[in-house]
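Prediction below, plus the sequence it came from.
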Amino acid sequence: MPEEQEQLLQQVLLHQVDTLLDAGDTAGLGKLLNEQRSSDIAEIVQIVNNEERRTIFDALEKPLSAEVLEKVDEATRSELFEILEDEELISIISHLDADDAADVLAEMDEDEVADILESMPAAEQAEIKDLMSYSEDSAGGIMDPAVISVTKDATVAEAVNKIRASEIDEDFFSVFVVDKGDKFVGDVRIRLLLTRSENTKISELVETDTIYVVAEDDQERVRNVFRDNDLIVVPVLDEDRKLVGRITADRVIEVADEEAAEDMYTMAGTDPDEKDTVSVVHAARVRMTWLLPCLIGTGVTALVMMFFEHNNHLIYVAAAAFVPMIAAISGNAGLQTSTIVVSGLATGHLAALKLSQVFTREVRIALLVALSCGILGGLACSVLINLKTTPAEAVKPLQLVFAFGMAMFSAIMVATTLGLFLPFLFRRVGIDPAISSGPLVTTANDSISVAIYMSLALLLAA
């Protein structure tokens, strides 16, 4: 019910915005939108045209427009970069936190980034440059450099005063503790600072076994660290164990969404780059880079079929009728296995990371699936062959049914093996394991399964 109410409110808001846009009432539009949540405005900005986006940003207050720019999708943001003037972009980005500003600037042209950074105060400019030096998929790339830290020798009163004096508009769940060399020691929960006497030394309260991540860690590992340890915030350290930032749970939720979307795009045979622009030409080009190899792969499958064509024509025609069934079932069986393995690798579960354990489980499942599909497929083949008008002695239906069942079993086992080992292989050589679930591998499965089937069919039914 709450979800339905929220959708209704969003539709009402959209209708109000459309009415004000049609009337050209910028003042009324500003009064309406500046009272809304930035996430709701971002959704509207994503579905209106560029002229209406221009009007909306004219009506928004700069801090709110900065939040909206950060929350819209990449394709819409790319359009906004073209719509907004350089001075306006500089003003909007100046209202973003350093980590959000770095994320937005990373999507812009280098020349534009340089101009915007030059217009910023030196300290803010240096902070953003430091963040942009990290890979966007690393802990350093997603961290917030805004931290509050004290030394072990400080008192509770000094720590509380440091929080009060901070101009950072952020929620803090703990204060980090460093030594005199600025190396990380641990953290102290805010709760302890509020419940201990002012003269208590921080060294008496610090938790030295605090879980942390390193700036170069992949964001997928950061997500797993949060999930496995039920964290709200985690400190980020550099290679010298110095505190450089922190990552909060809300940022990790965004990372989880990004990782899930990226895997889905890859497994579907496209790329997250497709979201960078609204251009259909760009999207078509991205998809074709995946589909062209698949076209070549299906050509290989056709060559496999042509290779067997010179054999007994009647047997070849009968056998060819069941090729789609073999290719589809074995390909899907391999896809199921690779998806399970890729999911396990992505979540970082130890059971999924151990090849021998995964192999033992998946092979047993594959044997049962292959045996079931072989028997059921053989029965289907037998029924369908008997419906043909071809004389039984010319086709040898029993041999063809046996060949079909054996081929189905063999093709599923081969496809499952590929689906099992390829994600581990890709991961070992530094390739995204999700590719092993994509159309490229599915096409390879088709060629292999068809070759197995036609070989057995023509050999046993000849």
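Cool, got the structure. Numbers count the residues shown, from 1 in each chain.

so where's the stretch 251-400 of the chain shaky on pLDDT?
Applying pLDDT under 70 to the stretch 251-400 of the chain flags residues 261, 263-279, 282, 286, 290, 308-318, 346-355, 385-397.

The most centrally placed residue in the chain is in what secondary structure piece?
Geometric centre of the chain, nearest residue: residue 259, 2.1 Å, by Cα atoms, centre = their mean. Element membership for residue 259 (DSSP states H and E) is helix 249-268.

Likewise for residue 147?
Using DSSP H and E, residue 147 sits within no helix or strand.

ok, then the element right after the helix or strand residue 176 falls within?
Using DSSP H and E, residue 176 maps to strand 174-178. Sequence order places strand 184-189 as the next helix or strand after strand 174-178, per DSSP H and E.

how about the nearest residue to residue 235, chain neighbours excluded?
Residue nearest to residue 235 in three dimensions, not counting chain neighbours: residue 212, with 4.7 Å by Cβ to Cβ, 6 or more residues apart in numbering. (C-beta placed from N, C-alpha, C; glycine too.)

ok, residue 145 touching residue 247?
No: with contact defined as Cβ atoms under 8 Å, residue 145 does not count as touching residue 247 (10.8 Å).

quick one, which of these two is more surrounded?
Neighbour totals were compared for residue 145 and residue 247, and residue 247 leads with 27 against 18 (other Cβ atoms under 10 Å).

what inclination does the helix or strand where the more buried one lies have with respect to strand 174-178?
In the assignment (DSSP H and E), residue 247 maps to strand 243-248. Counting by axes from the mean of the first three to the mean of the last three Cα atoms, to 10 degrees, strand 243-248 lies at 160 degrees to strand 174-178.

Around the residue lying closest to residue 426 once chain neighbours are set aside, count how many other residues there are.
Closest residue in space to residue 426, ignoring its immediate chain neighbours: residue 433 at 4.9 Å, by Cβ to Cβ, 6+ apart. When neighbours are counted by other Cβ under 10 Å, residue 433 registers 23.

what's the pLDDT at residue 433?
For residue 433, the pLDDT comes out at 71.

still on that earlier bit, going on from the helix holding residue 259, what's the next piece of helix or strand?
Next helix or strand after helix 249-268 toward the C-terminus (DSSP H and E): helix 280-307.

How far does that following helix sit from its chain's centre?
A distance of 24 Å separates the centroid of the chain from that of helix 280-307, by Cα atoms, centre = their mean, to the nearest Å.

And for stretch 321-333?
Centroid separation for stretch 321-333 versus its chain: 29 Å, with Cα atoms, centre = their mean.

At which residues are the strands of this protein located?
All strands of the chain, identified by DSSP state E, fall at 149-151, 174-178, 184-189, 213-214, 233-237, 243-248.

Out of those, which is closest to residue 340?
The closest of the strands of the chain to residue 340 is strand 213-214. By Cβ to Cβ, the value is 27.2 Å.

elements contacting that closest one?
Applying 3 or more Cβ pairs under 8 Å, 6 or more residues apart in numbering; DSSP states H and E, one finds that strand 213-214 contacts helix 219-229, strand 233-237.

can you do 7 Å?
If contacts are counted by 3 or more Cβ pairs under 7 Å, 6 or more residues apart in numbering; DSSP states H and E, strand 213-214 sits against strand 233-237.

contacts for the strand it packs on?
For strand 233-237, the surrounding residues in contact (Cβ atoms under 7 Å, 6 or more residues apart in numbering) are 139-140, 143, 173-174, 176, 184, 187, 210-215, 225-226, 243-248.

Against residue 449, how distant is the nearest residue to residue 100 once chain neighbours are set aside?
Distances taken as Cβ to Cβ, 6+ apart place residue 70 nearest to residue 100, at 4.9 Å, with adjacent residues excluded. Using Cβ to Cβ, to the nearest Å, residue 70 is found at 48 Å from residue 449.
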